[in-house]
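1. Sequence and predicted structure, then a few things I'm wondering about:
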Amino acid sequence: MICTTIHSIPAPAADRIKGPAGALFTILLPIGLFSASSAAAQEADGERLFRQRCAACHNIEPGQTKMGPPLLGVIGRTAGTVEGANYSQAMQSSGITWDPQSLETFLAAPRQMIRGTRMTVSIPDGAQRAAIINYLESQSPD
């Protein structure tokens, strides 16, 4: 996280720390941490998590298929329909149209949602799933 300006705001007594000779030091927080730029930070976090958790098998670039299908434009797409991707029969016949809720359920436990899927990686942390889904929603095909 990058913070270019640190503002000193009088802190409540509980947030003050006594230093040498009884001097009071105020704990400083970067104000930008809680501002509108946090939406950009969440997208960056989602991109980072996508690269860490998903990019070994999936790409966000159009037309580039790895072990799993590319995920650019996944929101609103019917599961198992990317040309050239190697889908399981279970995924192809699932009838799912991906939306944030179906992705949430799938990423939490892929093999429970679609028995026979080739996807073996789950993302147990709900905040990480949400960040990845938000990142995928923010990406749109040209």
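-> Nice, thanks for sending it over.

2. can I assume Glu104 is in contact with Ala131?
-> No - Glu104 sits out of contact with Ala131 when judged by Cβ atoms under 8 Å, with a separation of 11.6 Å. Where C-beta positions appear, they are placed from N, C-alpha and C, glycine not excepted.

3. Compare neighbour counts for the two and give me the winner.
-> Between Glu104 and Ala131, counted using other Cβ atoms under 10 Å, the more crowded position is Ala131 (22 against 15).

4. How about the secondary structure of the more buried one?
-> Of the three states, Ala131 takes helix under DSSP: H, G, I helix; E, B strand; the rest coil.

5. Any stretches of this protein with poor pLDDT?
-> Filtered on pLDDT under 70, the chain yields the residue ranges 1-43, 142.

6. give me that answer again for 80
-> Within the chain, the stretches with pLDDT under 80 are 1-44, 62-65, 140-142.

7. In it, mark out all the strands, start to finish.
-> Using DSSP state E, the strands of the chain run over residues 16-18, 24-26.

8. Check whether Gly64 really touches Pro70, as I assumed.
-> Gly isn't right for residue 64; it's Gln. Yes - the pair Gln64 / Pro70 is scored as a contact, 5.7 Å apart, by Cβ under 8 Å.

9. Those two: which has the busier surroundings?
-> When neighbours are counted by other Cβ under 10 Å, Gln64 and Pro70 differ, and Pro70 comes out ahead with 19 against 12.

10. so how far is Phe50 from the nearest residue to that one once chain neighbours are set aside?
-> Distances taken as Cβ to Cβ, 6 or more residues apart in numbering place Asn59 nearest to Pro70, at 4.7 Å, with adjacent residues excluded. As defined by Cβ to Cβ, to the nearest Å, Asn59 lies at a distance of 10 Å from Phe50.

11. Nothing else from me, thank you.
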